[in-house]
Structure formats: structure tokens, C-alpha cells
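J.: 3D, please:
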Amino acid sequence: MLGVKLILLLPLIGAILVWMIRKRFLVNLVAISLSLFSFLIALFYYLNLDRTKREFQFIFSYRWISAWNLDFSVGFDHINAPFVLLTTLITTVAVVLSAKTIKEKLSSYMALLLLLSFFVNTFFMSTNFLQFFFFYEAMLIPSVLLIQRWGGRNAYEASLKFLLYTFGFSLFLFIAIIAVYFYGGGFRFDSLSQLSLTAQSKMLLFISFLLAFFVKIPIVPLHGWLREAYYEAPMPMTIFMSSVLSKMGVYGTLRIAPYFSDTVSLVSNWIIALCVFSFIYSAFVALTAKNTKIMFSYMSLSHIGMITAGVFTGNILGYQGTLLQSINHGLLSAGFFYIAELLQRQTQSFDSEKFGGLSKRVPALTFFTFALIMAMAGFPGLNYFNGELLLLSGIFKENIYLGFFSVFGVALGVLYLAWFFYRVFLRKPAAEMSYYVKDVSSWEFLILLLFFLISIYLGLNPDFVLLGLKNIISFGGKV
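T.: Numbering: from 1, shown residues only. Modelled structure (predicted):
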């Protein structure tokens, strides 16, 4: 499949070209064009995916390791296709933002960003565990370099912490995959259904997967790398980490959970409780944060906790909610960080206490910020409402008490977003930084408009992500 190959090859070719080209205009032109083409091709295959089939479609493969009867193989299915589409879209947004904000060594930066996109998409499109693991690890190389070389004052420490956390816990993933090979008969994902293990051994295997995925997501208390990495990274990289890299762990849990339905049923309440705790704890931190980048970092961490909880409800409502809300979260999180970058670029400050009264000075930015807040708060008709309803329904169906705690977390989310909007856009008198903020225009207006329109579209048509999912996923007879 030439088109499927192009989804991966265009960012890779772009990485090579921009590294060789040193002229800023050409670097930006090549990076933006190829990332956009990759998104359009991914959209084409997404729209032509047969959602009634369980198996991978549009497969491209060739023999990789003959001794293990292993192919290098990529393809689309009902689970990975939305994540590939999200990755290609966020890559395009990050590249466009980078063209505006990265001032030094742009060619090297763009090459690493496009290489990161190639690694992540190959991870999502992998059809076997060994390839899945290889690119799960490979993405660390460009990620760490992007944080370290273009990050803030403490970027070296932040990148090192990110590397140690994610690489260290990935050892559990490697052990789990080797166990699948020996006890399931191969590296294919469906080898999980052939596992010849005792209940205790299967539980240990399941926990090994979760430890690796929960660090990448991350879930409290495995989030020790997030604050520094998100804050010190250049804003396009922060957007990519929040919108895409965190979804690598979510995707991993979505991929394995149906095969562990009997194991999940034994520990589901404990795992959901941990995810809900992560949801509420991070919401409290976001509520007290005055730095907008830190606040949005913990907002992202908070919501990803509830998203992850849906996988372990053991019912289709939670599973659907996780898939849909992963895409919604990626889009809205990118929008919020984009707004934080617009405020900081003109004022050199993330301190929300230094703003105020912006609603009269920047009406377009005020509108888009309010729209994103309404979407993230779960306003009916916008994208987050459907996913939040599915997640809450799934959690209530599994445990009514955890459902009530989840509603409390949702209320906290509305509170800190409303408090942010009041401080920055409504409070009077305005603080000194407000006078330096100019309204969005041209391509920045178009990007925020794109996020807003997608939010409306997915709010009115969640089947764009969920179509056919209920018919092909089972959880040990639970629906």
C-alpha cells in the first residue's frame, strides 16, 4: 500500500531534507508541506476504513527477522486509526508553530520533530509487539534531544528525568512482550489470546504492561517527570507530548485490555480508583497554579487520568469513552497550550496574575479561549460532552461510588478553567502585561478556528471515531 507507506515516509523524508537544507524559508516550506500531506493521506485511509472488520487493513509488510517468522508490518484498524489521524494533525500544528517560534538551529529542530512523528506513527501502526516496543523506545531519542537542546533553563534535568522514568519502566514492557512470545506463541497482538499461564502469572504480565503504559500516560504517582518536561520543553514539543505522546500509553492499554478481561475484573476497582485519584489530585494542583503552562500541564494530566479509567471499567461504554476522549483531549489540550504560547510570546510571561481585562482588547482570542473552556467543561454539542458522558456512564456502571468521585473531578475541572478565564480575560483592572497582548490573526486565527470547528463536528458526530466499535470489542461477555 503506497499511501500507507507515505503516511510514514513523508515525515521521514522531510526530516532528511530539512536537515540538509539550511535556508529557513525552505525548511519551513518542506516541513509544513510534507506534514500536511501526511495528514491528508491518513485522513483518506481513515475515511475508507471498514469499521465492521476486526483485523488490520491497508497492510504494508516485508520480512524482517526470518528466524522468528517476523515481518515489519504496519496497517490500520479500528483502534489505531484515530491515533494516527491525531498524530499527523498535531504534527502539522506543531510544525507550523515551530516555524514561528524556533529561532535557532531550525533545520535540526524540524528534522527531529518530523523524525519523532515518524517513530510515533510507526508505533501506532505496528501490527506486532516487537515492532511496537522498538518504536515505543525509539521516540525517546528525538524527544529528549528536543527538550534538552531547545528547552528552558532547566531543560537538561527535565529531559534526563523524562528519559529515566520512561526508559526505566519500559523494561517491564520488554519483559511482558518476551513472555507473550514464549507463552503465547508469537509477537502478534492476538497472541495474548493464546497465553498458557496461571491466573497469578497472567496478573503479573498484566501489571508489567500497565507499569510501562502508566508512566508514559502518566498516572499519579508515576508522573514525576511531567511537570519539568512539559514546562521546560519548547511549546510545540509540549503540545506534542500532551496531545500525542501521552496517548501512546492509552493506546497500549486499549490494545491489551480486551485480552485480559478476566484479570481486569479482579482489580478493576483498584485501578479505576487510582485513575480517579490522579484525576482529582491533578485538578487540585491545576486549581492552585498561577503559571498558565503548569496549569495546563496538570489539566492535561488530570483529564488523562479519567480517560484511562474508562479502559478498566470492563464495559463498552468506558472503552468507547476512552477512545473518543483520547482524541478530544489531544485536540483541546493542544488548543490550550497554543493559547498559553500566544500570551507568553508577546509578554515573556506565563504568570496569569499579570494579565486581566483581555476580553475588550483581544475579542478573537477571548472567543476561542471561551469556546475551548466550554468544550473541555463538557458543554453539550461540543466534543468533550460525548466522551465525558460515556466515561462517567462506564465508571458508574462498574462502581457507583467511584462514579460520584469522578463527577467531583469534573466539577473541579470546570472550576479551575473558569477561574483562569476570569483572571486573564475578565478581571479588572488589567495588570501590566495585558497591554502588550495583541489579538490573533492570519494563520494563528485559522489554527484556533480549526480546533473550534473540529470540536463542534466531533460533538455532533462522535461516530466519526466510534463507528462500528461496539460490534467488534468484547469484555468477557460484558457490554
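
J.: Could you check how far Ser193 is from Gly310?
T.: 22 Å (Cβ to Cβ, to the nearest Å). Placement of C-beta: from N, CA and C, glycine included.

J.: what does Met203 give?
T.: According to Cβ to Cβ, Met203 stands 21 Å off from Gly310.

J.: So for the two, which sits in the more crowded spot?
T.: Between Met203 and Gly310, counted using other Cβ atoms under 10 Å, the more crowded position is Gly310 (32 against 16).

J.: contacting residues for the more buried one?
T.: By Cβ atoms under 8 Å, 6 or more residues apart in numbering, the contact set of Gly310 is 317-322, 325, 390-391, 394-395.

J.: among these, which are in helices?
T.: The members of those that map onto helices under DSSP state H are 317-322, 325, 390-391, 394-395.

J.: CSV please, covering those and showing distance to Ala418, pLDDT and neighbour count.
T.: Output for the ones in helices among the contacts of Gly310, formatted as CSV (distance: Cβ to Cβ, whole Å; pLDDT from 0 to 100; neighbours: other Cβ atoms under 10 Å):
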residue, distance to Ala418, pLDDT, neighbour count
Leu317, 28, 89, 21
Gly318, 27, 90, 28
Tyr319, 31, 90, 26
Gln320, 28, 91, 23
Gly321, 24, 92, 30
Thr322, 26, 93, 26
Gln325, 21, 94, 27
Leu390, 24, 93, 24
Leu391, 21, 94, 28
Gly394, 26, 92, 26
Ile395, 24, 93, 29
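
J.: which of the residues you listed lies closest to Leu301?
T.: Gln325 (14.3 Å; Cβ to Cβ).

J.: surely the closest one meets Glu388?
T.: Yes: the pair Gln325 / Glu388 is scored as a contact, 6.9 Å apart, by Cβ atoms under 8 Å.

J.: still on that earlier bit, quick one: the ones in helices among the contacts of Gly310 as CSV, columns for distance to Leu12 too.
T.: Putting these into CSV (distance: Cβ to Cβ, whole Å) gives the following:
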residue, distance to Leu12
Leu317, 38
Gly318, 36
Tyr319, 32
Gln320, 33
Gly321, 34
Thr322, 30
Gln325, 30
Leu390, 36
Leu391, 35
Gly394, 38
Ile395, 40
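
J.: any chance you could map the strands in the chain?
T.: 57-65, 70-76 (DSSP state E).

J.: any idea which of those is most buried?
T.: Burial of these is given as mean neighbour count (mean count of other Cβ atoms under 10 Å); strand 70-76 ranks first at a mean of 21.

J.: ok, and what's touching that strand?
T.: Contacts of strand 70-76 (Cβ under 8 Å, 6+ apart): 4, 8, 45-46, 49, 56-64, 84, 122, 125-128, 130-131, 187.

J.: who's sitting farthest from the centroid in this protein?
T.: Ranked by distance from the centre of the chain (Cα atoms, centre = their mean), the top residue is Pro429, with 37.1 Å.

J.: pretty sure it contacts Gly357?
T.: Yes: Pro429 lies in contact with Gly357 (Cβ under 8 Å); the separation is 6.6 Å.

J.: now the nearest residue in space to Val250 that is not next to it in sequence: how far from Gln200?
T.: Distances taken as Cβ to Cβ, 6 or more residues apart in numbering place Ser326 nearest to Val250, at 5.2 Å, with adjacent residues excluded. Ser326 sits 31 Å away from Gln200, going by Cβ to Cβ.

J.: okay, those two: which has more neighbours?
T.: Ser326 (25 against 8).

J.: Let me know the pLDDT of that one.
T.: For Ser326, the pLDDT comes out at 94.

J.: Run through the residues that contact Leu448.
T.: Applying Cβ under 8 Å, 6+ apart, one finds that Leu448 lies in contact with 335, 338-339, 364-365, 368, 440.

J.: hmm, back to that, show me the contacts for the residue farthest from the centre of the chain.
T.: Counting by Cβ under 8 Å, 6+ apart, Pro429 has contacts 356-357.

J.: Then Ala212?
T.: Contacts of Ala212 (Cβ under 8 Å, 6+ apart): 169-173, 176, 249, 252.

J.: Which one of the residues you listed is nearest to Ile41?
T.: The closest of the contacts of Ala212 to Ile41 turns out to be Gly252 (Cβ to Cβ; 24.6 Å).

J.: so the closest one makes contact with Phe213?
T.: Yes: Gly252 lies in contact with Phe213 (Cβ under 8 Å); the separation is 4.3 Å.

J.: Settle it for me: which of the two has more neighbours?
T.: Phe213 (28 against 22).

J.: I am assuming that one contacts Thr253, so please confirm or correct that.
T.: Yes: the pair Phe213 / Thr253 is scored as a contact, 5.3 Å apart, by Cβ under 8 Å.

J.: Any stretches of the stretch 351-479 of the chain with poor pLDDT?
T.: Applying pLDDT under 70 to the stretch 351-479 of the chain picks out residues 430-431, 468, 470-479.

J.: Try it again at 90.
T.: Where the stretch 351-479 of the chain drops to pLDDT under 90, the residues are 351-362, 378, 381, 398-399, 423-444, 463, 466-479.

J.: where exactly do the helices run in it?
T.: 358-361, 363-376, 383-398, 400-421, 442-460, 463-466 (DSSP state H, counting those that start in this stretch).

J.: picking that back up, which residues are in contact with each of Gly252 and Phe213?
T.: Residues touching both Gly252 and Phe213 (Cβ under 8 Å, 6+ apart): Leu173.

J.: Report the mean per-residue pLDDT for stretch 307-314.
T.: On average, stretch 307-314 scores 91.

J.: so how far is the first residue of it from its last?
T.: 14 Å (Cα to Cα, to the nearest Å).

J.: Report the distance from that stretch to the chain centre.
T.: Computed by Cα atoms, centre = their mean, to the nearest Å, the chain-centroid distance of stretch 307-314 equals 16 Å.

J.: likewise stretch 373-389?
T.: Distance, stretch centre to chain centre, for stretch 373-389: 17 Å (Cα atoms, centre = their mean).

J.: Could I have the CA atoms of that stretch written out in PDB?
T.: The C-alpha coordinates for stretch 373-389 follow below in PDB (Å, rounded to 0.1, in the frame of the first residue of the first chain):
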ATOM      1  CA  ILE A 373     -13.200  26.100  28.000                       C
ATOM      2  CA  MET A 374     -16.800  25.300  27.200                       C
ATOM      3  CA  ALA A 375     -15.700  22.300  25.200                       C
ATOM      4  CA  MET A 376     -13.400  21.000  28.000                       C
ATOM      5  CA  ALA A 377     -16.100  21.600  30.600                       C
ATOM      6  CA  GLY A 378     -18.400  19.200  28.700                       C
ATOM      7  CA  PHE A 379     -20.900  21.700  27.200                       C
ATOM      8  CA  PRO A 380     -23.500  19.700  25.100                       C
ATOM      9  CA  GLY A 381     -22.900  20.000  21.400                       C
ATOM     10  CA  LEU A 382     -19.100  20.200  21.800                       C
ATOM     11  CA  ASN A 383     -16.700  17.300  21.600                       C
ATOM     12  CA  TYR A 384     -15.900  16.600  25.200                       C
ATOM     13  CA  PHE A 385     -19.500  16.200  26.200                       C
ATOM     14  CA  ASN A 386     -19.900  12.800  24.400                       C
ATOM     15  CA  GLY A 387     -16.700  11.300  25.700                       C
ATOM     16  CA  GLU A 388     -17.300  12.500  29.300                       C
ATOM     17  CA  LEU A 389     -20.800  11.100  29.200                       C
END
